[in-house]
Structure formats: C-alpha cells, structure tokens
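Colleague: Mind looking at a prediction? Sequence and model below.
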Amino acid sequence: MDTIDLNEQLSEIQFYKQFPAMKPFIGEFYNSDKHKKLLLVGESYYLPNETNLHHSPIKWYDSNQNELDDEEIEWINCSGLLTCDWTSDGHHIYRELNKCIFSLKFEKEKRAIDEVAFTNYFQRPAEKEGESFRYFCTEEDIIKGNEILDQVIRIIDPDNIIFVSKYAWDTGGIKVKKNFPKKIVDFVCHPGTGGRYWHNENYPHNKAKFMKLLKKNFI
C-alpha cells in the first residue's frame, strides 16, 4: 500500500478528522524493498505558551483545529515538522533521528527520515513549551493515546515500532507490545536529552541502542 493510500486511511480516524494536521508522517519510502517498515513514536507536541485550548483534556478532545490559528497549527503539524528546516532547538529530535538513519547509507538525495513513519504517543500537546508531558498527563490522555496509536499501527502495519521517549514507553509501550506480539516493539530515550542520556555511554537506552535496533531489525 502506498503513502497516499495510507494517508487516506489515517484520515478516517476520528481524532484526525478533528486535527488533520496531527496525522502521522509517512515517509515517501516507508514501504521499500531495501528495509523493513519502521514507525518511530515520540512523546508529544507543543503549542505556544499563550495558547490555552489544550490546557483542558476534555476541551481539547472535544475541539478541532479550526479553533487554532495558522501559526498554532504549524506547531502540531506532524508532516510539517518532519519536513521543515529543523533549525530551532525544538527540532533537535528530528536532526538526531535523521543522522542515525542516514548513517545506514541510504543512497537517496532526500532526507533519511523519508524512509520511516513518525507520530507522537500523546495526542494532546504539552501545556508548557519544552516540558515533558509527564507533568500534564491525565488518564484521558493515556486512553486516547493508546486508542489512536492502536488504530495507526493497524493501518500502516509497521514491522518495527521504536518509542523515542522513555516516558511514552513507560506509559503506553508495554500495551503496544502486548497488543502486537508479532511486531518488534522497543524503546530508547528522547534524542534531545544530549549528554545526560542520548549520548551517555553508560545509559542502556541511548543512541547506541537505537543504532543497534536499526541495524538488527530495520535493514
């Protein structure tokens, strides 16, 4: 199934009818005879601090992106975030993931990230810019996160699912592993944690682990 077909099916998920900008990014070469299908799962989106629509879970999940202006929508545009210039500090996660995939030497002129799919586990943006979603998480967020990710996985059918956020993994990863026992489901820390975790040789879920997962299960 090609990218267009996958996007059409994802558009039928109720939440993405409300927030089409948050629909997962499906790389042009997600389906390829050069590698397995890989879904990367991040933690959450952000909105500007002056925005408050997302400060109430009930209000957020009952709303839609028509209640946001164009600039705010850019902050939660999954495909836009994966294809923009990545110059800001908030885009460090995409730069790091892209470097790792690129190091596998795909002979493509486009970004290495085009070889994979990406989404975030939590479907409500964090209530403060740059903060972990752990400070804002509610039971409703977990229910919605599990429900929506389950639908995404059933549609795009990845061979491998790697959470690139330990908190997202701790919250929903085990459920995904249980629901999809035939798929390889694992995790690493957030690539934006720098020397504290991502580049820390003594931390077991670091960049080195991500590279091992790619070389063992993706190629």
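Modeller: Perfect, thanks for sending it. Numbers count the residues shown, from 1 in each chain.
Colleague: alpha carbons only for contacts and neighbour counts from here, please
Modeller: OK.
Colleague: Which residues does the spatially most central residue of the chain form beta bridges with?
Modeller: Taking Cα atoms, centre = their mean, the centroid of the chain lies closest to residue 119, which sits 2.7 Å from it. Note on residue 119: beta-bridge partners by DSSP bridges are residue 41.
Colleague: Let me know the pLDDT of it.
Modeller: Turning to residue 119, the model gives it a pLDDT of 98.
Colleague: And it, how far from residue 202?
Modeller: Look at residue 119 and residue 202: by Cα to Cα, to the nearest Å, they are 28 Å apart.
Colleague: Over to residue 134?
Modeller: Taking Cα to Cα, one finds residue 134 at 24 Å from residue 202.
Colleague: so where do the strands sit in this structure?
Modeller: Taking DSSP state E as the test, the strands found in the chain are 25-26, 38-42, 117-120, 160-163, 184-187.
Colleague: so can I have CSV of those strands showing distance to residue 74?
Modeller: Converted to CSV, those look like this (distance: least, Cα to Cα, whole Å):
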stretch, distance to residue 74
strand 25-26, 14
strand 38-42, 17
strand 117-120, 15
strand 160-163, 23
strand 184-187, 27
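Colleague: Buried deepest among the ones you listed, which one?
Modeller: strand 25-26 (a mean of 26; mean count of other Cα atoms under 10 Å).
Colleague: So what touches that strand?
Modeller: Here strand 25-26 makes contact (Cα atoms under 8 Å, 6 or more residues apart in numbering) with 3, 6-7, 78-79, 82, 114, 116-119.
Colleague: Of all pairs in those, which one is the farthest apart?
Modeller: Taking Cα to Cα, the two most distant members of the contacts of strand 25-26 are 6 and 82; they sit 17.0 Å apart.
Colleague: These two: which has the busier surroundings?
Modeller: Each of residue 6 and residue 82 has its neighbours counted (other Cα atoms under 10 Å); residue 82 has more, 23 against 16.
Colleague: my guess is residue 142 meets residue 170, correct?
Modeller: No. At 11.0 Å, residue 142 does not count as touching residue 170 under the criterion of Cα atoms under 8 Å.
Colleague: quick one, which of those two is more surrounded?
Modeller: residue 142 (18 against 12).
Colleague: Return the residues in contact with the more buried one.
Modeller: By Cα under 8 Å, 6+ apart, the contact set of residue 142 is 122, 171-172.
Colleague: what distance separates the lowest-mean-pLDDT helix or strand in the chain from the middle of the whole chain?
Modeller: One helix or strand of the chain scores below all others by mean pLDDT, DSSP states H and E: helix 92-102, with a mean of 92. Averaging C-alpha positions (Cα atoms, centre = their mean, to the nearest Å) puts helix 92-102 13 Å from its chain's average.
Colleague: Show me what it is packed up against.
Modeller: Helix 92-102 sits against no helix or strand, with contacts defined as 3 or more Cα pairs under 8 Å, 6 or more residues apart in numbering; DSSP states H and E.
Colleague: Next, the angle from that helix to strand 38-42.
Modeller: Here helix 92-102 points in a direction 160 degrees away from that of strand 38-42 (axes from the mean of the first three to the mean of the last three Cα atoms, to 10 degrees).
Colleague: Report the buried residues of helix 92-102.
Modeller: Buried residues in helix 92-102, counted by 16 or more other Cα atoms under 10 Å: 92-98, 100-102.
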